[in-house]
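1. Need a 3D model of the sequence below.
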Amino acid sequence: MISVLYFSNTLARGGAEEHILTLLRGLDRHRFRPALVCAPEVAEKIRRDVPRDVPLTALRLRKPYEIGAASALLSIMRARRPDIVHSHLFHSSLFASPIAALARVPLVVETPHLRESWRRGLKARYVVDRIAGRFVDQYIAVSDANRRYLVEEKGLARHKVVVIHNGCDLRRFNPHHRAPAGMRESLGFGASDPVLVVVGRLEPQKGHRVLFDALPAVRAQFPRVRLVCVGEGALRQELEQQVAASGLGDAVRFVGQQANVADWLALADVTVLPSFFEGLPLAAIESLAAGRPMVASAVDGTPEVVIDGATGLTVPPGDADGLARALGRLLGDRRLREKLALAGRAWVLERFNEDRQIQRTEALYHLALSRLGRLPRPDGVPATAWGPR
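-> Take a look at the predicted model:
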């Protein structure tokens, strides 16, 4: 049995947390025994979705001077004796990977998820990343673009980086699913109003401001267009103020974090993802699985899901005019929407289902431990105690 300890120190539930939950739910329990350590803020939000057989420990470790928390994580590792410590996002790995090495964990894995476009100055030179990378045995890139970033920009060892595309439970999404009765009316939308839906945290990365800048031009062409923002975040108040100041209050609804994403996608004629950077966006995968055509920014791994003219439309990031034109094109062409929706669903079903992600991650764990000569025997004795087979 291979013991895997997942670690995340983010403070909000996002794509990385959904990725972890996919693995926690899907790992073969005949071969793997998972556990999770994450910040209390996230633990509270995901506890109900963590499988019952997965130990969940709430621990905040975000600063180098938090010696007590670092010692607690070391104690957890020594007590659980995991075969693998798998951190998600660099800031989590920065703490967990050296501690895992100190605890003599056989295999240390990092999934960085994103291109960190926010970095400036010394941080943009990735010196700390390469130093911390000495404690990491294997990196998992969530897209081909993510791999290029890790190798070509960060300068991480090419042989350590492998691509395993994000996946999700696509069985939750059906193009024939209808929005619940009364949902449209509860939002104040008319029966024939065209509806746009954006699913994403209300944070600078997701580009909501660009979408709001584009909306007046879309409204000039489609006066009854409506927009639903699904998600929560630090920018909510600012974005609500932007909407009010732009005279868009009658057209835009903020509905917060929603568990039933499939219902909200069912409400949409077109979905939008105006992000400035992504890893491989689950929101795009889910939209296409639901048979909803998407207009998205052509950033990082997004074009690997939303292929311009084939499974959706893409525009440059930050281009409000281009976004407005693309939205107007889709809203005005029902046949194009249907064509893209059909092709998009087929594409994600083939490439981005959760079973594929889980199986490839399991195979990576097994192969990496085998190469290190640390694959546990059935009795749990590490291979290094008796030599490789």
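2. hey, which helix or strand in the chain has the poorest pLDDT?
-> helix 127-132 (a mean of 89; mean pLDDT, DSSP states H and E).
3. That one: what's the following helix or strand?
-> Sequence-wise, the next helix or strand downstream of helix 127-132 (DSSP states H and E) is strand 138-141.
4. List the contacts of that following strand.
-> Outside strand 138-141, the residues that touch it by Cβ atoms under 8 Å, 6 or more residues apart in numbering are 107-112, 133, 147, 149-150, 156, 160-164, 361, 364, 368. (C-beta placed from N, C-alpha, C; glycine too.)
5. tell me the mean pLDDT for that strand?
-> Average pLDDT, strand 138-141: 96.
6. Strands of the stretch 201-350 of the chain, residue ranges please.
-> 226-230, 252-256, 270-273, 294-297, 313-315 (DSSP state E, counting those that start in this stretch).
7. let me fix that: the stretch 51-200 of the chain
-> 56-58, 84-88, 107-111, 138-141, 161-163, 195-199.
8. Figure out which of these is closest to residue 351.
-> strand 161-163 (11.7 Å; Cβ to Cβ).
9. what helices or strands is the closest one leaning on?
-> strand 138-141, helix 144-148 (3 or more Cβ pairs under 8 Å, 6 or more residues apart in numbering; DSSP states H and E).
10. The shortest one pairs with which strands, parallel or anti?
-> To tie it back to what came earlier, the one meant is strand 138-141. Sheet pairing of strand 138-141 (DSSP bridges) gives strand 107-111 (parallel), strand 161-163 (parallel).
11. rewinding a little: from the strands of the stretch 201-350 of the chain, which stretch is densest packed?
-> strand 294-297 (a mean of 29; mean count of other Cβ atoms under 10 Å).
12. Where does residue 358 sit, in terms of helix or strand?
-> Using DSSP H and E, residue 358 falls in helix 354-371.
13. That helix versus strand 84-88: what angle between them?
-> When axes from the mean of the first three to the mean of the last three Cα atoms, to 10 degrees is applied, the directions of helix 354-371 and strand 84-88 differ by 130 degrees.
14. And helix 354-371, how far out from the chain middle?
-> From the chain centre to the centre of helix 354-371 is a distance of 19 Å (Cα atoms, centre = their mean, to the nearest Å).
15. Same check on stretch 80-88?
-> Per Cα atoms, centre = their mean, the centroid offset for stretch 80-88 relative to its chain is 20 Å.
16. What lies in contact with that stretch?
-> Against stretch 80-88 from outside (Cβ under 8 Å, 6+ apart): 2-8, 10, 16-17, 19-20, 35, 55, 77, 93, 96-97, 100, 103, 105-111, 113, 365, 369, 374, 376, 382.
17. Save the strands of the stretch 51-200 of the chain as JSON lines, and put in distance to residue 327 and mean neighbour count too.
-> Shown next, in JSON lines, are the strands of the stretch 51-200 of the chain (distance: least, Cβ to Cβ, whole Å; neighbours: other Cβ atoms under 10 Å):
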{"stretch": "strand 56-58", "distance to residue 327": "41", "mean neighbour count": "15"}
{"stretch": "strand 84-88", "distance to residue 327": "33", "mean neighbour count": "27"}
{"stretch": "strand 107-111", "distance to residue 327": "32", "mean neighbour count": "26"}
{"stretch": "strand 138-141", "distance to residue 327": "31", "mean neighbour count": "24"}
{"stretch": "strand 161-163", "distance to residue 327": "31", "mean neighbour count": "18"}
{"stretch": "strand 195-199", "distance to residue 327": "7", "mean neighbour count": "24"}
